[in-house]
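Trainee: Structure, please.
(chains A and B)
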Amino acid sequence: MITLKNITKTYKTGDVEFNALNGVSFTVADGEFVAIMGPSGSGKSTLMHMLGALDSPTSGTYLLDGKDVSTLSDDELADIRRDKIGFVFQSFNLLPRTTVLRNVMLPLVYAGVNMEERETRAKSALHSAGLDEGHFHNLSNQISGGQIQRVAIARALVNNPSLILADEPTGNLDSKTGDIVIGTFQRLNKELGRTIILITHEQDVAEHADRILYIKDGKLIEDKTTHTKRIIKNI
Amino acid sequence: MKIRDIFNETYRSLSANKARSGLTMLGIIIGISSVIAMVSIGNGAKVSIQTSIEGLGSNLLTILPGIVQPGRGIVSSGRGSAQTLKNKDVDILRAIDGVAAVSPEDSRRFQIVAEGNNTNTTTTGVVADYAVVHNINLAEGTFISDANDRSIGRQAVLGATVATDLFMDQDPLGKTVRINKVNFTVVGLLASKGGAGFSGPDDMIFVPLSTMQKILSGDDYLSMIAVSVADKNQMADVKELATEALLNQHNVAEADFSIISQEDILGTLSTVIDTFTLVLAAIASISLLVGGIGIMNMMLTTVTERTKEIGLRKAIGAKRKDINTQFLVEAVMLTFIGGGIGIILGWLICFAITHLGILETQVSLMSIFLAFGVSAGIGIIFGYYPARRAGMLNPIDALRYE
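Mentor: From the prediction side, this is the model:
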């Protein structure tokens, strides 16, 4: 359960103040699949940083599973990111020259999970993300773009987070591979009941979600339920 | 983050850039090995000088007339001019407990002629005990005997250098030398002691003390008394007793003589060599410092290169401390491995120097511990700033970094 109340974020450059977010409020229920859309500079990236506990708002309240995240220290934010949030980035951000399995195990290193459990959980996350077992011991630079993004999704899943945040996850993929990745999100949402927030600037990607939030100039301008949700099958 | 994970990460990142890690370590290796080699060479030099000084005559107390002024050393205080040591002092010194032998000496420079050759050198009036006290070895003939001294004999013993100067290749034994217009018969020849030594017996002529005082110089005082002590542990006691006895004999409150033990000389020389070693080590440590800066440089490069990775690690839950530790351990590991190799290399250098016969070096455990401590310290000091910089990176900025 995510609740944002009147979130603002102000950046100061010298004497000039810039409001990246200007009083954003919304709620996302558990198990929802939400897309956030907006043109570049609209504040959607800042919003994602707030949601992902990478940054604190200037004012307003952000409740994640009933806990107020907006006033936490750096280290406390790191704990939130570790325990409750899984990230999928546009540029994947896998460790180079490192096996797929190790990449997925990385969040568990910081969570202090023991070796055997790390491997079991990483493998099951990779299965959920739909990667063939044959690729588990490949190096991260030896697999295709679509496979890399599945590894990134598995890494986001491995900590059993209550929220998966995907920042333009299809931005670096061709449309066919992109469909596969979006399909994976839909399946995770439906089968495992994960809350997924997807940030994109492409309308047809957003239409795969249950609900679309439109952001412009740091404000929420439209909150729309998708009636004709596009479903990708056979993933 | 568990310790095992930290070492795992460190190993992976160091082995990912083998050439760079190796070159960076080289700076530490050179620094540590040169510090160890320099300190060992200094220690070796100290031991070798100590041995050669002890070879000049062990357990020796040297009594000089006049006062050796502190800070002015032994040579500059003009001991030749003081006339406070008399023949009577010798008997008093002989009576002291723990004294093995006493050698009164009176030295002057005279013109010496033999076979038409000429030299100007030190002539020393001695008694038979001189040979005992100063470890004198004869090449030929005999040394000055007590009988020679009692009879005010005209016998001379030549040092190796003097013999060559006066007689070239001829055998000087039985020949006549003129010292200050008095004829002496050569009865003995010293084996060359080599080196300049302390009293330089190679460039000396020895005559009986009585002859020296009564015939050659015409006075009754001594230029030096050498006292050989039976047991090394008694040195301090004998020195004290001798001082007391001489003060009584001379009837003065403040000493008009100086007693120098070999330890005093060794102490002075050791201080000099220690200073010398310190200078060498200080120069070598400069390379250690440069090595440390090399580590800092590499770590800063690594942090910049891995900015995105650091951002990712933070995004998935790494705390500032985790990142800090990871990079600090990486730097310390570099210096630790470098330090270890440096110690081995330094040891090998010392081993080579010893085996090539250049100098007997001594690798002290102390210098190894110091080198290890210093290298680990350098890792921490020069790794701290890059590690801190990595830990402080804002995950958002780090992720955006291209």
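Trainee: Tell me how far the residue lying closest to residue B:341 once chain neighbours are set aside lies from chain A.
Mentor: Nearest residue to residue B:341, sequence neighbours excluded (CB to CB, 6 or more residues apart in numbering or on different chains): residue B:29, at 4.9 Å. Any C-beta I mention is one placed from the backbone N, CA and C, and that applies to glycine too. Distance check for residue B:29 against chain A: by CB to the nearest CB, to the nearest Å, it reads 26 Å.
Trainee: Correct me if wrong: residue B:29 contacts residue B:338.
Mentor: Yes. Residue B:29 is in contact with residue B:338 according to CB atoms under 8 Å; the separation is 5.0 Å.
Trainee: element containing residue B:26?
Mentor: Using DSSP states H and E, residue B:26 falls within helix B:18-55.
Trainee: How about that helix, which residues are buried there?
Mentor: Applying a neighbour-count criterion of 16 or more other CB atoms under 10 Å in any protein chain shown, one finds B:21, B:24-25, B:27-46, B:53 buried in helix B:18-55.
Trainee: quick one: pLDDT of the closest residue to chain B within chain A?
Mentor: Nearest residue of chain A to chain B (CB to the nearest CB) works out as residue A:82 at 2.5 Å. You'll see residue A:82 listed with a pLDDT of 93.
Trainee: residues contacting it?
Mentor: Neighbouring residues of residue A:82 by CB atoms under 8 Å, 6 or more residues apart in numbering or on different chains: A:107, A:110-111, A:159, B:316-317.
Trainee: What are the phi and psi values at residue A:211?
Mentor: phi -150, psi 140 (degrees, to the nearest 10).
Trainee: shaky segments in the chain?
Mentor: Since no chain was named, I'll use chain A. By pLDDT under 70, the low-scoring segments of chain A are A:234-235.
Trainee: that's the wrong chain, I wanted chain B
Mentor: B:55-58, B:68-82, B:193-201, B:402.
Trainee: 80 - rerun?
Mentor: B:1, B:50-58, B:67-83, B:135, B:192-202, B:232, B:262-266, B:357-358, B:401-402 (pLDDT under 80).
Trainee: Sheet-wise, list the partners of the longest strand along it with their directions.
Mentor: Across chain B, the longest stretch assigned as strand under DSSP state E is strand B:99-114. Its sheet considered, strand B:99-114 pairs with strand B:117-126 (antiparallel), strand B:176-179 (antiparallel), strand B:224-229 (antiparallel) by DSSP bridges.
Trainee: buried set for the shortest one?
Mentor: Judged by neighbour count (16+ other CB under 10 Å), strand B:176-179 contains these buried residues: B:177, B:179.
Trainee: next SSE after it?
Mentor: Next in sequence after strand B:176-179, counting helices and strands by DSSP H and E, comes strand B:182-190.
Trainee: ok so, going back, just the CA coordinates of the next helix or strand after the helix holding residue B:26, formatted as CSV?
Mentor: Of the helices and strands lying after helix B:18-55 in sequence (DSSP H and E), the nearest is strand B:60-65. Output in CSV follows, covering the C-alpha atoms of strand B:60-65 (Å, rounded to 0.1, in the frame of the first residue of the first chain):
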residue,chain,number,x,y,z
LEU,B,60,90.0,-1.5,27.0
LEU,B,61,90.0,1.6,29.1
THR,B,62,92.0,4.4,27.7
ILE,B,63,93.3,7.0,30.2
LEU,B,64,94.3,10.3,28.6
PRO,B,65,95.9,13.3,30.3
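Trainee: Next, count neighbours for residue A:117.
Mentor: Other residues near residue A:117 number 12, with proximity taken as other CB atoms under 10 Å in any protein chain shown.
Trainee: Secondary structure element for the closest residue to it other than its chain neighbours, which one?
Mentor: In space, and not counting its chain neighbours, residue A:117 is closest to residue A:108: 7.5 Å by CB to CB, 6+ apart. Using DSSP H and E, residue A:108 falls within helix A:100-111.
Trainee: Next to chain A, which bits of chain B? Give me the list.
Mentor: Along chain B, the residues adjacent to chain A under the rule CB under 8 Å from any CB of the partner chain are B:1-2, B:5, B:12, B:16, B:308-309, B:311-322, B:395-396, B:399.
Trainee: ok, residue B:36 to chain A distance?
Mentor: Distance of residue B:36 to chain A, computed by CB to the nearest CB: 36 Å.
Trainee: show me what contacts that residue?
Mentor: Residue B:36 is in contact with B:342-343, B:346-347, B:349-350, B:363, B:367-368, B:371, counting by CB under 8 Å, 6+ apart.
Trainee: Sitting in helices, which of the residues you listed do you find?
Mentor: Residues of the contacts of residue B:36 located in helices (DSSP state H): B:342-343, B:346-347, B:349-350, B:367-368, B:371.
Trainee: The most centrally placed residue in chain A: what secondary structure?
Mentor: A centroid search over chain A (CA atoms, centre = their mean) returns residue A:165, at 1.2 Å, as the residue closest to the centre. Here residue A:165 is recorded as strand under DSSP: H, G, I helix; E, B strand; the rest coil.
Trainee: What's the local residue count around residue B:114?
Mentor: The burial count for residue B:114: 24, using other CB under 10 Å.
Trainee: Specify the beta-bridge partners of it.
Mentor: As assigned using DSSP bridges, the partners bridged with residue B:114 are residue B:117.
Trainee: For chain A, which segments count as helices?
Mentor: A:44-51, A:74-84, A:100-111, A:115-128, A:145-157, A:175-191, A:203-206.
Trainee: Could you export these as JSON lines, including distance to residue A:212?
Mentor: Formatted as JSON lines, these follow (distance: least, CB to CB, whole Å):
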{"stretch": "helix A:44-51", "distance to residue A:212": "12"}
{"stretch": "helix A:74-84", "distance to residue A:212": "23"}
{"stretch": "helix A:100-111", "distance to residue A:212": "29"}
{"stretch": "helix A:115-128", "distance to residue A:212": "25"}
{"stretch": "helix A:145-157", "distance to residue A:212": "21"}
{"stretch": "helix A:175-191", "distance to residue A:212": "14"}
{"stretch": "helix A:203-206", "distance to residue A:212": "5"}
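Trainee: can you list the residues of chain A near chain B?
Mentor: So chain A meets chain B at A:49, A:52, A:54-55, A:74-75, A:78-79, A:81-83, A:87, A:89, A:93, A:95, A:97-98, A:106-107, A:109-112, A:155, A:159 (CB under 8 Å from any CB).
Trainee: No more questions from me, cheers.
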